[in-house]
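>>> Let me see the structure of the following:
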Amino acid sequence: AVCDGATIDVQFEESPASSFVLPTDKVVTIRGISSLPTQTGNILADGTPPGTRLERLEPDTSVGYGLLALNGAQVIADDLVFFGGRGLQAQSPGTEVICTDCIFDQNNAVFGSSVFASNSAKLVLNRATVSDATSSNDAAVYANNGAELEIYDSEFTTNELTNAGEAATGLAVRSADLILERTSFTGHISGDRQPTILLSGFATSHQLTDVKLVDNDGGVWITGSAQVDLTGLVAYRNGGKITAEREGAVEVRNGGNIVTLYNAELAANDGPGLNISPTDPTSTVDVGWSTFVGNGEAGIAYTAAGGLTVNYSVFNFHTSDIAGPNLMSLTGPQENWYEHATSVFDHCATVYPAVCYSGDPQFLTFHPNLQSDRWVLRPEGQAGPLWNGAGNIFGAGDPFSIIGHSGGPLGDAMQWYADDGDGVRDGWELFWHGTTDNDGEDDVDGDGVDELTEYNRGTSPIHQDTDEDTYPDDCEELFGTNPQNPLSFPLSQCP
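The predicted structure is shown next:
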């Protein structure tokens, strides 16, 4: 028996203690008192009241879930470790678990090895680490049946799926709602190259913001009439299940899905950056302010019956920028830039894209007829593919003048790209050169400035005069003027 508001300090034992059954009529705090999480038995929270807390514990996961919350239980957990076995389960209406700084390591189960939320429960993960889980049926973190799952500032690493069906390695959300923000997925493994994230379910809402996927066997699959917002997604070097065509880093599949893909960066993936294939005519995909560089086959592969809108986006280094038999259904595209425009002059003059180029297909400027109020294509400080500084695209600058993923070190999403060891982000090299083979000390344009310096200051590595003001970049650096701004130039003759 304990008093309401009691704190129970748990000491380390050679063998885990018996299971904790938290009281239903009193608010208690159970905490480990050592610097490392204290081993305990598994923990049952059955209808526990608001304010119940668990701190610095390592529950036993060998029999059942380490922490099971149900029947309206309210639990706040900090610094819990779930090693091996099964991690955390929340189920039944009214149940809510908030787990902060929790570690899930080497869990294994049929599905939901690390985390399982179901039956209208709410589960929140803050700064969680989910790594090396093995699931035989579906996803290390799994939510279904009306659950609400929220994940913030977390890392998913090298989780594995051994099933060959439509399932995910890292995160699967089926007929449940998801909020996923500022979270990375790296190195996920599946025998059949299934997705890292699977989003499914009629009329369910999935909001993903600033999520990155790098070097996984698969990307994001969307199916089953889901509503999905992918804002700020970065997908780089991910595989795709090999069928008649490689699946995309973002795969929009069966059902009347409603998908928005804004401020995204999809580059160097095995398949298309975005593959749209549902047969339901009510399916819609809205793409804007996004960059597609060096993906397999196409930036966007479109074989769907529904609608596709593509605005203010950039495509480069693809076999086809937008490809598929149903392009007549494409609404737009308007004010995009493509490497494969049939006629550069006509494309600029007739369609009025946001950017065009003169002479060199990789040196882009805003279209001269584009009204100045359209230059800021996203609010300052938000990501997007265009830069509103000196009238050039893919330049660097301070955080208030850059709106680009592909600028120098201050281009925010570029910080999520890998670096092959030369100090220059691979995505930047891919855009300018179509390869990552160049070294940081190379000087491709012969202006006396190496790749690393060009990257750090945001100038073009293939143009001696980035802002085309007739003063070479190294000259402007010498005189202290801005090599990205044609209105900033030396008053003296260059040496």
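>>> least trustworthy helix or strand in this structure by mean pLDDT?
Using mean pLDDT, DSSP states H and E, helix 344-351 stands out as the lowest-scoring helix or strand of the chain, at a mean of 30.
>>> what about residue 39, how many neighbours?
20 (other C-beta atoms under 10 Å). All C-beta atoms are positioned from the backbone trio N, CA, C, and that covers glycine.
>>> and stretch 57-76, how far apart are its ends?
The first residue of stretch 57-76 is 12 Å away from its last residue (C-alpha to C-alpha, to the nearest Å).
>>> The residue nearest to residue 248 when sequence neighbours are not counted: what's it in contact with?
With sequence-adjacent residues excluded and distances taken as C-beta to C-beta, 6 or more residues apart in numbering, residue 248 is closest to residue 275, at 3.1 Å. Contact partners of residue 275, counting by C-beta atoms under 8 Å, 6 or more residues apart in numbering, are 240, 245, 247-248, 250-252, 300-301, 303.
>>> buried subset of the residues you listed?
Buried members of these, scored by 16 or more other C-beta atoms under 10 Å, are 240, 245, 247-248, 250-252, 300-301.
>>> could you dump those residues to TSV with pLDDT and secondary structure?
Output for the buried ones among the contacts of residue 275, formatted as TSV (pLDDT from 0 to 100; DSSP: H, G, I helix; E, B strand; the rest coil):
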residue	pLDDT	secondary structure
240	73	coil
245	56	coil
247	81	coil
248	88	coil
250	95	strand
251	92	strand
252	91	strand
300	84	strand
301	83	strand
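>>> now the residues you listed as CSV including distance to residue 161?
Formatted as CSV, the buried ones among the contacts of residue 275 follow (distance: C-beta to C-beta, whole Å):
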residue, distance to residue 161
240, 15
245, 22
247, 15
248, 19
250, 19
251, 16
252, 21
300, 27
301, 24
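>>> tell me how far stretch 29-47 is from the chain's mean position?
Counting by C-alpha atoms, centre = their mean, to the nearest Å, stretch 29-47 is centred 33 Å from the centre of its parent chain.
>>> Show the average pLDDT along it.
On average, the pLDDT along stretch 29-47 is 84.
>>> buried sites along it?
By neighbour count on 16+ other C-beta under 10 Å, the buried set for stretch 29-47 is 30-32, 37-47.
>>> now the end-to-end length of that stretch.
15 Å.
>>> again with stretch 25-39
From its first residue to its last, stretch 25-39 covers 25 Å (C-alpha to C-alpha).
>>> what residues does that stretch touch?
With C-beta under 8 Å, 6+ apart as the test, stretch 25-39 has contacts from 2-13, 16-17, 20, 22, 40, 43, 49-58, 60, 79-81.
>>> Please pick the buried ones from those.
If we count by 16+ other C-beta under 10 Å, these have these buried: 10, 16, 20, 22, 40, 43, 49, 52, 54-58, 60, 79-81.
>>> Strands - which of the residues you listed land there?
Members of the buried ones among the contacts of stretch 25-39 lying in strands (criterion: DSSP state E): 10, 20, 40, 43, 52, 54-55, 57-58, 81.
>>> In CSV, list those along with distance to residue 104.
Formatted as CSV, those follow (distance: C-beta to C-beta, whole Å):
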residue, distance to residue 104
10, 20
20, 19
40, 16
43, 15
52, 21
54, 15
55, 17
57, 14
58, 11
81, 8
